[in-house]
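Chemist: Here is the input, now give the coordinates:
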Amino acid sequence: MRAFLVGLVLLAVAGLASGQVPLAPAASPNDVLILLQSLSISPELKSELLGEVPSALATELLSPRVAVPFLQALSTLPQVQIEQTLNLVHEALEEKFIVDPLLLEMLKGLRLARPWPEVMGMLQLRFALLRATRRVLQAHGLVPMTPKGISPSPSTKLISELAWAIGDYLSSGGSPADAVTMESMVRERLVRLRGTALPPEVVDPLIAVLSPALVQEIAGLALNPERR
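Modeler: The predicted structure is shown next:
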């Protein structure tokens, strides 16, 4: 997990040259819970989050050094935007995705002063890609239906990295119709992460069958809600 988080932080730093996201390396799980308790959101949503966040922190699906600046930034927004964001985060927590990348994506948009619809739209796309990636990889037998062992499991990390690679391609203006270029960028990323963030025994089966059709299937599923 440490190598995976280091990779996420490096990606965040590299991608935010004009909108740096300061992390909170000394933050603790208790800091996260205190900030969450202080937010002006509905009691129902707060209760739901408090039911998921401690477990996510304990299993390293969420890290305090990302969650603390995220919640601090979120607290400055109107309540409707806070709740819209946290409803999505709650869904991601319920589905046991690694949520740090989603929080970093949100922070990036806020630091760059992007319009709210753009910030939320990107967050929704990233989440849709996580769901689509898991669904497609499960359908192809490339990840288990129920991850076992350590958390986050290697298959959960694989889903996150593949979804993020496709999302990076799309968010940079890449066309989902150009599946060959998209597959090439995804393959390059997976090969680079092989043996560091991703164990060879987990990523090699995917690399062996990776194709333009497979990445296009994921992108199409994420971009077309009626197909999910």
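
Chemist: ranges for the helices of this structure?
Modeler: Along the chain, counting by DSSP state H, helices occupy 2-15, 29-38, 43-58, 64-74, 79-94, 100-111, 116-139, 154-171, 179-193, 200-209, 212-223.

Chemist: Roughly how far does the closest residue to residue 130 other than its chain neighbours sit from residue 185?
Modeler: Of all residues not flanking residue 130 in the chain, residue 163 sits nearest, at 4.7 Å (C-beta to C-beta, 6 or more residues apart in numbering). C-beta here means a position set from N, CA and C on the backbone, and glycine is covered the same way. From residue 163 across to residue 185, the span is 13 Å (C-beta to C-beta, to the nearest Å).

Chemist: and these two? which has more neighbours close in?
Modeler: Taking other C-beta atoms under 10 Å, residue 163 and residue 185 do not tie; residue 163 has more neighbours (26 against 16).

Chemist: tell me the contacts of the more buried one?
Modeler: The contact partners of residue 163, by C-beta atoms under 8 Å, 6 or more residues apart in numbering, come to 126, 129, 130, 132, 133, 218.

Chemist: Next: residue 40.
Modeler: Counted by C-beta under 8 Å, 6+ apart, residue 40 has contacts 75, 79, 82.

Chemist: so where's this protein shaky on pLDDT?
Modeler: 1-21, 148-150, 226-228 (pLDDT under 70).

Chemist: So it: which segments form each domain?
Modeler: 1-13+24-113, 118-228 (automatic domain parsing).

Chemist: who touches the closest residue to residue 191 other than its chain neighbours in this structure?
Modeler: Of all residues not flanking residue 191 in the chain, residue 207 sits nearest, at 6.7 Å (C-beta to C-beta, 6+ apart). Each residue near residue 207 by C-beta under 8 Å, 6+ apart is listed here: 187, 190, 191, 194.

Chemist: I'd like the helices of the chain as JSON lines, with distance to residue 146 appended.
Modeler: Below are the helices of the chain laid out as JSON lines (distance: least, C-beta to C-beta, whole Å):
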{"stretch": "helix 2-15", "distance to residue 146": "20"}
{"stretch": "helix 29-38", "distance to residue 146": "26"}
{"stretch": "helix 43-58", "distance to residue 146": "16"}
{"stretch": "helix 64-74", "distance to residue 146": "26"}
{"stretch": "helix 79-94", "distance to residue 146": "15"}
{"stretch": "helix 100-111", "distance to residue 146": "22"}
{"stretch": "helix 116-139", "distance to residue 146": "10"}
{"stretch": "helix 154-171", "distance to residue 146": "10"}
{"stretch": "helix 179-193", "distance to residue 146": "23"}
{"stretch": "helix 200-209", "distance to residue 146": "15"}
{"stretch": "helix 212-223", "distance to residue 146": "20"}
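
Chemist: For residue 147, find the nearest of those helices.
Modeler: helix 154-171 (5.1 Å; C-beta to C-beta).
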